[in-house]
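J.: dropping the sequence and predicted coords here.
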Amino acid sequence: MNFRFLFIALMAMLTITSCQKEEDVVIDPTDNSESFNGTSNFAANLLSATQNNGALDNLIDGTSCFSIDFPVEVVANGQQVTLNSIDDLQLVEDIFNLFVGDTDVLNLVFPLTLISEDFTEQVVNDLASFNALVADCTNNVSDDYSCLDFQFPITGTLYNSANEQTGTLSINNSSEWFNFLSGLGSDVYVAINYPITVLISGSTTTVNSNAELTDIFNQTDCSNSGGNTTTAIEDELTDGVWYVTYFFDDYDETSDFGGYAFTFNADGTALADNGTQTSGSWSTYTDSGVEKLDLNFGTMEPLEELMDDWEILSVSTDLIELRDLSGDGSTDYLTFGRTPNNGGGGSGETNALIDTLVTDQWYIHLMEEDMENDACDYVEFSFNYALDGTVQAVSASRTVNGFWTVSNSSSGLELILNFNYDGQEDPFEDLNDDWDVLFYDAENIQLEEVSGGNGDLERLNFARTPYTGCGNTWPETIEGKWILEDFQNTMYIFQDGLRYTVYCADPVCDWENLGIDDAIPNPNPYTFVDDVLTIDLFFGNTWIEEMDFRCGNNVVQYEFEDVNAIYDIRWFRPGYDISQCD
């Protein structure tokens, strides 16, 4: 009886021990080829690869500490654009690449949301707060592997240091992965369920073990994660047939390449074919950090126009954009696309506008923004467009330099302006935009632009003669004569702290020759401080309004609130045409 019990007990012990043994061989948590804990280099590398990569949008925020949450509004060289994703950074690049030698300026539109390396978010309401955050920011995680990413979900098994399974792992996004790795200690071991997919600068690869992932860490250099454009253009250029879809050398000469198909071979040879085949060559190289494409199809027209070392602006499967700064200081543009050019398009209209612009001087007659004509801000300037893509606005006291170009696309003819300006109050900042051309002839150019921020319509008109709608430009002062727009038989004269009132019964009043001697008795005392006009109307009555100067200070405006509505009341200087002030 005792022997039987002993035999059964031994059998049970052997069975339990055997089952435990089978569980233990599933994983060895102390073997880093199969698992890792929070203090291992492997975990640190994973954390580096999983962090929010703040470097991808440095073009617009200038810092790797944060990324900006899209969509976001920015103003690039005066043009307001909406960026809906990281891919839309190309819109900003395109604006910056319009001109060579200009100063590229980008302003953020607040409020916006910043995302830190640990995926925490914070709303920033103004530029001062943004600059303070950037100045105080320090990343705690290495950027060595910031160009790596993972496809989710990722699953795995958790163990303790006693070799016992303690749970399972299920990760659905980068934020969860980062937070898990950040909190992983030395006493928890993780075994990833392979295979997983890793992205290296956007390219996917399948990984089957810790060892393979370690090899990727050892072989990856994220310091060049911005991409090698010369490598990209070599891959795309040698793939299939290309056509010249845009060529600009002072004028739009795209039609010269109608009927040509271009092929580029991996050995550096090339072929231009329009029924007659012309051999050529190509190569890529980097010059002072600028990646270039060198083309040579010989000296036969028009192919000799392509012989140059072109700066590579952008490369994609369907589009290659290039430019070159010519010896005369002008900028040439060359674009290859996948759609054949048969010599059509808007080259003639583009060149006609260019000829019109570069002939003689121009003056601004309308610069309408917020329903107000600010042409008087430019009344002293004549505008001179040069064929090399430069433009000068010249007055007796100031010369403003800028750049211009004309483009013609499916959206129509555009005149793109980019002037240098001094601070946000400089009116030349308002001219910087891509203006739709509504009409042009030898004497007039009419442009408009729909604001990207609020949809407001802005209008800009150039003419051959100086603008005369400003009268004499006055300083911003209430002193002097003012005619009431709604009662044009009445004039106020503000002088030496007194407001005089002059009435005129004539059909046409000679306000220039009417003065204080013609005023009614008892002028009213007044003060004018910080644009607030206060008039003593006597008998305990005081008139107080904030005055808004407009149209070269020839017009002053204030709001009058009635029971049912608010009215804009305007006064204007004698001799000024109030109809010119919108």
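T.: Sure thing, it's come through.

J.: what's the distance between residue 311 and residue 468?
T.: Going from residue 311 to residue 468 by C-beta to C-beta, to the nearest Å gives 45 Å. All C-beta atoms are positioned from the backbone trio N, CA, C, and that covers glycine.

J.: and these two? Which one has more around it.
T.: Taking other C-beta atoms under 10 Å, residue 311 and residue 468 do not tie; residue 311 has more neighbours (20 against 11).

J.: show me the contacts for the more buried one.
T.: Contact partners of residue 311, counting by C-beta atoms under 8 Å, 6 or more residues apart in numbering, are 290-292, 322-325.

J.: repeat that for residue 336.
T.: Applying C-beta under 8 Å, 6+ apart, we find residue 336 in contact with 237, 242-245, 262, 319-320, 322.

J.: what about the residues you listed, which are in strands?
T.: In this view, the contacts of residue 336 that belong to strands under DSSP state E are 242-245, 262, 319-320, 322.

J.: now tabulate these in a markdown table and tack on distance to residue 335 and neighbour count.
T.: Compiled in a markdown table, the ones in strands among the contacts of residue 336 are given as follows (distance: C-beta to C-beta, whole Å; neighbours: other C-beta atoms under 10 Å):
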| residue | distance to residue 335 | neighbour count |
| --- | --- | --- |
| 242 | 10 | 22 |
| 243 | 10 | 18 |
| 244 | 7 | 25 |
| 245 | 5 | 20 |
| 262 | 12 | 23 |
| 319 | 7 | 16 |
| 320 | 7 | 23 |
| 322 | 7 | 24 |
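
J.: which residues of the protein fall in helices?
T.: Secondary structure of the chain (DSSP state H): helices at 2-24, 41-50, 58-61, 89-96, 127-136, 174-182, 210-219, 229-237, 347-358.

J.: quick one: buried residues of the shortest one?
T.: Residues 59-61 are the ones in helix 58-61 that count as buried (16 or more other C-beta atoms under 10 Å).

J.: next one: the last one
T.: For helix 347-358, the buried set under the neighbour-count rule, 16+ other C-beta under 10 Å, comprises 347, 349-354, 356-357.

J.: tell me the bridge partners for the residue lying closest to residue 253 once chain neighbours are set aside.
T.: Computed as C-beta to C-beta, 6 or more residues apart in numbering, the closest residue to residue 253 that is not its neighbour in sequence is residue 247, at 5.0 Å. Beta-bridge pairing of residue 247 under DSSP bridges involves residue 334.

J.: burial count for residue 247?
T.: For residue 247, the neighbour count with other C-beta under 10 Å is 23.

J.: next, the buried residues of stretch 458-471.
T.: Neighbour counts using 16+ other C-beta under 10 Å place 458, 460-462, 467, 469-471 of stretch 458-471 among the buried residues.

J.: can you list these in CSV and add distance to residue 78 and pLDDT?
T.: Shown next, in CSV, are those (distance: C-beta to C-beta, whole Å; pLDDT from 0 to 100):
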residue, distance to residue 78, pLDDT
458, 11, 90
460, 12, 95
461, 18, 95
462, 17, 96
467, 22, 88
469, 25, 77
470, 24, 76
471, 29, 61
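
J.: flag the shaky bits of the stretch 401-550 of the chain, pLDDT-wise.
T.: 424, 451-455, 471-475 (pLDDT under 70).

J.: mind listing the strands for it?
T.: All strands of the stretch 401-550 of the chain, identified by DSSP state E, counting those that start in this stretch, fall at 412-419, 433-440, 444-450, 457-463, 480-484, 487-495, 498-503, 524-529, 532-538, 541-546, 548-550.

J.: what of the stretch 251-400 of the chain?
T.: Under DSSP E, counting those that start in this stretch, the stretch 251-400 of the chain gives strands at 251-252, 261-264, 269-273, 277-287, 290-296, 308-315, 319-325, 331-337, 363-369, 372-373, 382-385, 390-394, 399-409.

J.: so for residue 559, which of these sits nearest?
T.: Closest approach to residue 559 among the strands of the stretch 251-400 of the chain (C-beta to C-beta): strand 372-373, 15.2 Å.

J.: and the closest one, which strands flank it?
T.: Counting by DSSP bridges, strand 372-373 is paired with strand 363-369 (antiparallel).

J.: can you check what angle separates the strand it pairs with from strand 444-450?
T.: 20 degrees (axes from the mean of the first three to the mean of the last three C-alpha atoms, to 10 degrees).

J.: could you give the separation of strand 363-369 from the chain centroid?
T.: 25 Å (C-alpha atoms, centre = their mean, to the nearest Å).

J.: then stretch 572-582?
T.: Centroid displacement of stretch 572-582 relative to its chain, using C-alpha atoms, centre = their mean, is 38 Å.

J.: gap between the two ends of it?
T.: With C-alpha to C-alpha, to the nearest Å as the measure, stretch 572-582 spans 13 Å from end to end.

J.: quick one: buried residues of that stretch?
T.: Buried residues in stretch 572-582 (16+ other C-beta under 10 Å): 572-574, 576, 580-581.

J.: go on, stretch 524-540?
T.: So stretch 524-540, judged by 16+ other C-beta under 10 Å, has buried residues 524, 526, 533, 535.

J.: let me know the closest of those to residue 152.
T.: Set against residue 152, the nearest of the buried residues of stretch 524-540 by C-beta to C-beta is residue 533 (65.4 Å).

J.: and that closest one, bridged to which residues?
T.: Going by DSSP bridges, residue 533 forms beta bridges with residue 528, residue 545.

J.: so who does it touch?
T.: 478, 526-527, 543-547, 558.

J.: rewinding a little: can I get the contacts of residue 336 in TSV with pLDDT?
T.: Shown next, in TSV, are those (pLDDT from 0 to 100):
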residue	pLDDT
237	94
242	96
243	95
244	94
245	90
262	96
319	90
320	92
322	92
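
J.: now distance to residue 41 too, for those residues, in TSV please.
T.: Output for these, formatted as TSV (distance: C-beta to C-beta, whole Å):
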residue	distance to residue 41
237	40
242	46
243	51
244	52
245	50
262	49
319	42
320	41
322	44
